[in-house]
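1. Here's a sequence, model it:
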Amino acid sequence: MPLRLSRRALSLGLLASSALCALPVAAQPATPIKFVLDWKLQGIHAWYYLAQDRGYFDQEKLAVTIDQGDGSAATVTKIMAGAYQAGFGDVNAIVQNAVARPGQAPVMVYMLYNRAPFALILKSDSPVRQPRDLEGRTLGTPAGGAAARMFPVIAARAGIDAAKVKWTNVAPNLQEQMLLKGHVDGSAVFSVTSYMNLVAQGVDPDKDIRWMHYGDYGVELYGNGVMVSQQLIKDKPEAVAGLVRAVNRAVRDTIADPDAAIAALARREPLLNKALEKRRLAYTLKTIMLTPEVAAQGLGDVSDARFARGFLQLKEAFDLPQVPTAAEVFDRRFLPPAAERKVSAR
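-> Residues are numbered from 1 along each chain as shown. The predicted structure is shown next:
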């Protein structure tokens, strides 16, 4: 005898089936990424927080937590130690670590500083008018400062007898003060930090200070960018690509609307001087980010030929036994299409 279902039983079954179909499909879990900056919060970090506020990381299914840092080179060692999967730091520190510990150094995937922000600063009334005038002068530097370490590269190209230049160690937070008070003739600095330190001390860095940017004297180094661990590339290449896409979108947004980016930064640090940090951001964009090379090839990329020449300069300055290949240090596979990275020079 055939089985007959009552109208009530059939209705209940259809309702149950509909309810099951209506259950949401489990969302793909976001990939957690611990990201470390190169320093305390500054205008040059605004795009990371703008990416958070505008949901760019969420759209890439990334759960990015951002911590402040304590040095561009320290970003590299923190990633190598496994404390972070990604960060904002110095590509030249990657090169040095790639030589010392092959296969363990992080890889740069998005270059932000097209020129290394190394410079010498002097008072505008200084008798030092050109690099050769530095002979017989005293320059200040923090112990182990990268700008001082790269000085021999300038010396070789400008015909300076480096042995005739004296160096004295100064605390990082006193570099500008030591110069202004006449305790040193000049100081080797990280330009984007020193520029605003001078502003904060009531000095006009454009009128009261003479700048010798290393990039103007034959130093071909790149600077800071987004780097990731080799493990993240191996295990989650799609997460690396998503991270780069999100940062690239936020950088372009920042260039278009710096006030919005600084507002995102200030939401994390209410005591931040927004006007000062906006000026730092503008200075950084103008002097080391939006260069003719970037206008030609887009944000995030590098020139392989220039990269290789910069490696040789690092080998000279740091007495490295060898240098890595460009592919060991920089991986452009994760860059968005060139049209999405297009910007104009400043």
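
2. quick one: the strands in the protein?
-> Secondary structure of the chain, counting by DSSP state E: strands at 31-36, 62-67, 86-90, 107-111, 118-123, 138-141, 166-169, 186-190, 209-213, 224-228.

3. Format those strands as CSV; extra columns: mean neighbour count, mean pLDDT and distance to Gly298.
-> All C-beta atoms are positioned from the backbone trio N, CA, C, and that covers glycine. Listed next are these as CSV, based on neighbours: other CB atoms under 10 Å; pLDDT from 0 to 100; distance: least, CB to CB, whole Å:
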stretch, mean neighbour count, mean pLDDT, distance to Gly298
strand 31-36, 20, 98, 22
strand 62-67, 18, 98, 22
strand 86-90, 27, 96, 19
strand 107-111, 24, 98, 10
strand 118-123, 24, 96, 24
strand 138-141, 22, 96, 34
strand 166-169, 13, 96, 39
strand 186-190, 27, 95, 25
strand 209-213, 18, 96, 23
strand 224-228, 27, 97, 13
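
4. Pipe those strands into JSON lines and attach distance to Tyr56 per row.
-> Listed next are the strands of the chain as JSON lines, based on distance: least, CB to CB, whole Å:
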{"stretch": "strand 31-36", "distance to Tyr56": "13"}
{"stretch": "strand 62-67", "distance to Tyr56": "9"}
{"stretch": "strand 86-90", "distance to Tyr56": "15"}
{"stretch": "strand 107-111", "distance to Tyr56": "13"}
{"stretch": "strand 118-123", "distance to Tyr56": "31"}
{"stretch": "strand 138-141", "distance to Tyr56": "38"}
{"stretch": "strand 166-169", "distance to Tyr56": "42"}
{"stretch": "strand 186-190", "distance to Tyr56": "28"}
{"stretch": "strand 209-213", "distance to Tyr56": "32"}
{"stretch": "strand 224-228", "distance to Tyr56": "13"}
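
5. Between strand 31-36 and the longest helix along the chain, find me the angle.
-> For the chain, the helix with the greatest residue count under DSSP state H is helix 237-256. Orientation check (axes from the mean of the first three to the mean of the last three CA atoms, to 10 degrees): helix 237-256 against strand 31-36 gives 50 degrees.

6. show me the contacts for the nearest residue to Leu139 once chain neighbours are set aside.
-> Leaving out its chain neighbours, the residue that sits closest to Leu139 by CB to CB, 6 or more residues apart in numbering is Gly186, at 4.8 Å. Each residue near Gly186 by CB atoms under 8 Å, 6 or more residues apart in numbering is listed here: 120-122, 126, 128, 134, 137-140, 179.

7. Ala317 now?
-> For Ala317, the contact set (CB under 8 Å, 6+ apart) comprises 149-150, 152-153.

8. Surely Pro127 and Glu135 touch.
-> No. Using CB atoms under 8 Å, Pro127 is not in contact with Glu135, being 11.8 Å away.

9. Give me the more crowded residue out of those two.
-> Set Pro127 next to Glu135 and count neighbours by other CB atoms under 10 Å: Glu135 wins out with 16 against 9.

10. what sits against that one?
-> So Glu135 contacts 160-161, 164-165 (CB under 8 Å, 6+ apart).

11. What of Ser124?
-> Ser124 touches 207-210, counting by CB under 8 Å, 6+ apart.

12. okay, these in JSON lines with distance to Thr75 next?
-> As requested, these are exported to JSON lines (distance: CB to CB, whole Å):
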{"residue": "Lys207", "distance to Thr75": "34"}
{"residue": "Asp208", "distance to Thr75": "32"}
{"residue": "Ile209", "distance to Thr75": "28"}
{"residue": "Arg210", "distance to Thr75": "30"}
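
13. Which one of those residues is nearest to Lys236?
-> Each of the contacts of Ser124 was checked against Lys236 using CB to CB; the closest is Ile209, at 44.7 Å.

14. Could you measure from that closest one over to Val170?
-> Using CB to CB, to the nearest Å, Ile209 is found at 16 Å from Val170.

15. these two touch, right, Gln52 and Leu265?
-> No. In this structure, Gln52 is not within contact of Leu265 by CB under 8 Å, at 10.5 Å.

16. So between these two, which is more surrounded?
-> Neighbours were counted for Gln52 and for Leu265 using other CB under 10 Å; Leu265 has more, 25 against 19.

17. quick one, what contacts that one?
-> By CB under 8 Å, 6+ apart, the contact set of Leu265 is 41, 43, 45-46, 49-50, 272, 277.
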